[in-house]
Each structure stands twice: as C-alpha cells, then as structure tokens.
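> here is a sequence together with a model predicted from it:
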Amino acid sequence: MNKKYFLFKWMEPALGTGLLTSEFSKWKPRRKLLMPCFHSDILQGFLPVFNEYSQKLVDFLQEETMKEFTLIETIVSNITLDIICDAMFGVKIEDLGNMSSEYVKSYRRFAQIFMLRFFKLWNWPDCIFKMSKEGKEMMHHLEIFHAFIRKIIQEKKKRYLNDQRDQNIRKRMALLDLLLDKHIERGELNEEDIREEVATFAVGGHETVSTAIGWVLYLIGLHRDVQTKLHEELDKVFGEDTTRPVLKKDLSGLQYLDCVVKETLRLYPSAPIFGRETQEDTNICGHIIPKGTSCVISTYSLHRDEDVFPDPERFDPERFSFENSLKIPEYSYLPFSAGPRSCIGQRFAMMEIKVIISSILRNFSIESLDARDKMKPLIYITLHPSSPIRLRIRPRA
C-alpha cells in the first residue's frame with residue numbers, strides 16, 4: 001500500500017506532482033534527492049533558525065501578558081511560516097512583502113473548500129467542481145498561493161544567480177539551494193519541478209506544525225499539573241536563563257516535553273486522515289482488499305483504540321514514557337503516517353515544536369480559557385479547533 005491516495009489528485013492544482021502527490025516512478029528518485037536535507041547533522045543546523053524565531057515569538061508574547069487573553073493560532077502560524085521560509089527556502093519573510101498574510105488566508109480557505117468537496121460527492125468530478133461556486137473560489141485562492149510560491153523562488157534564485165547566498169544558509173543545505181543547484185548547475189530539474197517541491201514543503205512544513213503547536217499549548221494550558229512538571233523539567237535543563245538558545249543536548253533532556261507533544265499528536269494529529277492505494281490484492285482479517293483500492297486511514301480514530309490507549313480521551317503524557325511506549329504496538333500510533341511515504345520532515349517538525357514550546361514555557365505560564373467540549377476538532381486537511389484557542393499568558397512567577 002505504498003501508492004499515493006486518489007484524493008491527492010485534488011491537491012495537484014496546488015502542489016503539482018511533488019513529493020506528496022507524485023506516482024512511485026517520480027516519487028522514489030525525488031525522495032532520494034531530498035532526503036539529505038533531513039539528515040541529523042543538517043537538522044542540527046536548523047536550530048539557530050528555530051531559536052531566532054522562538055525568541056521573536058517570546059518578545060511578542062511579552063506584550064500579550066497585559067491582555068485578558070490572546071488568540072494564539074495566527075501568532076504561531078506567522079512564526080512557523082517565518083521558519084519554513086528561512087530554514088527550507090533561505091528566504092526572509094519580510095522580503096516577500098505582504099504576500100505572506102494573503103497566502104495564509106488563501107491556503108486556509110483552500111483547505112476548507114477541499115474538505116467540503118470531499119463530503120459533496122456530486123462535486124468529485126473535476127468538470128462539475130470547476131463550474132461550481134466553490135470551484136471558482138478555489139481557483140482564486142490558488143492564484144494567490146502560486147504567486148506566493150513564485151515570489152519565494154524568484155527571491156532565492158536572484159540571490160543564487162548573483163552569488164550572494166548567505167554562508168550559514170549554505171551550511172544548512174536549505175532545500176531550495178539543493179533544488180536550484182540541480183536546476184541551474186546540473187539541469188536535472190526544471191522550474192516546474194522546483195515549484196512543485198517548494199509548494200509541497202510550504203504546505204507540509206507550515207500548517208501542520210502550526211496547528212500542532214496550537215493544540216500543544218491548548219492542552220498544557222488546561223492541565224496545570226502537566227505545566228508544572230514541564231516548568232520543573234525546563235528549570236532543570238536551563239536553570240534561570242530564559243534566553244539561552246536551545247541546543248541539541250537540551251532537546252534530549254526534555255523527555256517529558258517529548259511525551260507531552262506525542263500525547264497531543266495522539267489526541268489531535270495534524271493529519272487526521274491519510275490514504276494509500278493498494279498495489280496488490282491484500283488480505284486484512286479475512287477480507288480481500290482488491291488491487292487498486294483507495295484506502296483511508298483515520299489517524300484520529302486509530303489513536304482512540306481503547307485496547308491500546310485506555311480511557312483514550314484523557315490527556316496523559318505518561319502514555320509515552322519510555323516504559324509505556326514499549327507497550328504501544330507498531331502502527332498503532334501514526335501522527336506522521338507510516339511506510340515509505342511517511343512524512344519526510346517529521347524530525348524537523350518535532351524539533352521545531354519542542355524548541356518553540358520550551359521557549360514559551362521558560363518565560364510564561366499559560367491558561368486555556370475554554371474546555372475541550374467547546375473546542376471540537378474540525379478537518380480542514382489539518383485538524384483545527386472549532387473555536388479560536390484563547391490563552392491567558394502571564395510571566396512566570
């Protein structure tokens with residue numbers, strides 16, 4: 001079941017046939033090409049970027065401590081977009097003008113229309129959908145999306161051709177550096193190939209991480225005991241220094257934070273469903289799934305299997321302690337999907353999430369103002385809360 005899911009065809013107007021949406025013959029060499037960008041040594045080189053923008057976030061949140069509450073999602077979304085543009089593409093968001101805010105709005109509406117189409121079977125045929133009101137609106141948002149992606153590539157290509165690439169970015173082996181090298185120096189990729197991968201990683205590396213961080217902060221803000229334990233762990237690792245950059249060795253010492261993030265992704269996986277197409281007849285519990293069948297895996301439901309996760313709606317980070325995690329069967333926990341087509345950037349995402357969360361909690365205490373029964377999860381490609389996340393943010397005593 002390594003083939004792509006048929007609904008990925010609906011993503012092709014936005015992503016083309018990049019790493020997420022391509023068939024096996026194109027996907028395999030492209031994945032091999034991009035894997036070096038996510039080697040452990042390269043990932044360590046992204047830490048300065050994570051730290052830089054985490055500190056900017058902390059500075060911004062200092063002003064929020066005077067308010068009754070803060071709507072955290074847009075703030076986090078802006079920071080994660082900054083990070084993906086800088087780390088993966090080597091472009092500062094300020095170089096893109098006001099296009100970034102328009103991109104975020106358009107992508108979110110695109111995602112909403114995408115899922116609405118899923119539940120309206122009569123809109124499945126492209127010829128009908130393109131004539132519908134939603135189809136025409138989607139085309140408008142796609143134009144904004146593509147303009148943003150083109151701007152990223154233009155800015156980076158201009159620097160590349162002028163030989164003005166920042167040395168630190170080159171050491172980090174930004175993904176767009178690699179793509180441009182294959183395009184300009186070796187002629188192995190064309191401009192459409194580059195656009196497809198930049199679009200894929202802009203979507204995959206921004207919105208998924210942003211929603212995950214929002215849910216993590218929300219659950220920490222609901223559970224004072226968990227937050228107290230996190231503060232104790234952070235104090236043990238960092239002492240009273242609230243501004244020291246996070247190092248690789250620090251991340252390995254933040255074991256409880258790792259449990260908190262994993263438990264959050266169990267309850268609220270950024271990708272609540274994913275799909276595969278069977279490559280051969282497959283026997284599952286006595287049922288034959290014919291070759292070519294499109295299968296939907298509900299990560300959201302899988303993570304609520306009572307046999308694996310007792311009292312599944314309870315937020316319990318201890319499920320992922322070293323001892324308890326050994327009891328979780330393989331393929332019972334899939335926040336980044338699984339198999340050859342699993343998320344290529346999952347370690348990047350986990351590092352980014354932990355650096356941002358640790359930076360916030362080293363400086364602040366947070367309180368979530370709305371109970372879980374008021375924050376129903378909604379699927380817009382990624383899993384969003386039904387109401388804005390309201391946090392009361394205060395300096396740590």
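That came in fine, so what should we check first?

> would you confirm that residue 280 belongs to a helix?
No: going by DSSP: H, G, I helix; E, B strand; the rest coil, the assignment for residue 280 is coil, not a helix.

> mind naming the longest helix for this protein?
helix 191-222 (DSSP state H).

> where does the chain have its least confident helix or strand?
Ranking every helix and strand in the chain by mean pLDDT, DSSP states H and E puts helix 167-172 at the bottom, with a mean of 50.

> what's near enough to touch the nearest residue to residue 11 once chain neighbours are set aside?
Using Cβ to Cβ, 6 or more residues apart in numbering and skipping residues adjacent in sequence, the residue nearest residue 11 is residue 21, 5.3 Å away. (C-beta placed from N, C-alpha, C; glycine too.) Taking Cβ atoms under 8 Å, 6 or more residues apart in numbering, we find residue 21 in contact with 4, 8-9, 11-12, 15, 200.

> quick one: secondary structure of residue 21?
Using three-state DSSP, the structure places residue 21 in coil.

> what's the spacing between the most centrally placed residue in the chain and residue 264?
In the chain, the centroid-proximal residue (Cα atoms, centre = their mean) is residue 208; its distance is 2.5 Å. Plainly put, residue 208 is 13 Å away from residue 264 if you go by Cβ to Cβ, to the nearest Å.

> sort out which of the contacts of residue 21 are buried, if you could.
Buried residues within the contacts of residue 21, counting neighbours by 16 or more other Cβ atoms under 10 Å: 4, 8, 11, 15, 200.

> CSV for the residues you listed, including distance to residue 347, pLDDT and secondary structure?
Compiled in CSV, the buried ones among the contacts of residue 21 are given as follows (distance: Cβ to Cβ, whole Å; pLDDT from 0 to 100; DSSP: H, G, I helix; E, B strand; the rest coil):
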residue, distance to residue 347, pLDDT, secondary structure
4, 22, 55, coil
8, 23, 78, helix
11, 23, 90, helix
15, 22, 92, helix
200, 17, 95, helix
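
> the residues you listed: which two are farthest apart?
4 and 200 (12.4 Å; Cβ to Cβ).

> give the other helices and strands that the helix or strand hosting residue 85 contacts.
Using DSSP states H and E, residue 85 maps to helix 72-89. Packing partners of helix 72-89 (3 or more Cβ pairs under 8 Å, 6 or more residues apart in numbering; DSSP states H and E): helix 47-64, helix 99-118, helix 133-161, helix 175-180, helix 191-222, helix 346-363.

> switch to 6 Å and redo it
In terms of contacts (3 or more Cβ pairs under 6 Å, 6 or more residues apart in numbering; DSSP states H and E), helix 72-89 is packed against helix 47-64, helix 191-222.

> for those helices, give me JSON lines that also has distance to residue 145.
As requested, these are arranged in JSON lines below (distance: least, Cβ to Cβ, whole Å):
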{"stretch": "helix 47-64", "distance to residue 145": "22"}
{"stretch": "helix 191-222", "distance to residue 145": "7"}
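
> winner for burial among these?
Per-stretch averages of neighbours, counted by mean count of other Cβ atoms under 10 Å, single out helix 191-222 among those, with a mean of 23.

> helices or strands up against that one?
Using 3+ Cβ pairs under 6 Å, 6+ apart, helix 191-222 is in contact with helix 72-89, helix 133-161, helix 255-267, helix 346-363, strand 364-368, strand 382-385.

> so which of those comes closest to residue 276?
helix 346-363 (17.2 Å).

> from the chain's centroid, how far away is that closest one?
Here helix 346-363 is found 12 Å from its chain centre; the criterion is Cα atoms, centre = their mean, to the nearest Å.

> and the residue of the chain most remote from its centre, how far is that from residue 98?
Relative to the C-alpha centroid of the chain, counting by Cα atoms, centre = their mean, residue 286 is the outermost residue, at 35.8 Å. Residue 286 sits 57 Å away from residue 98, going by Cβ to Cβ.
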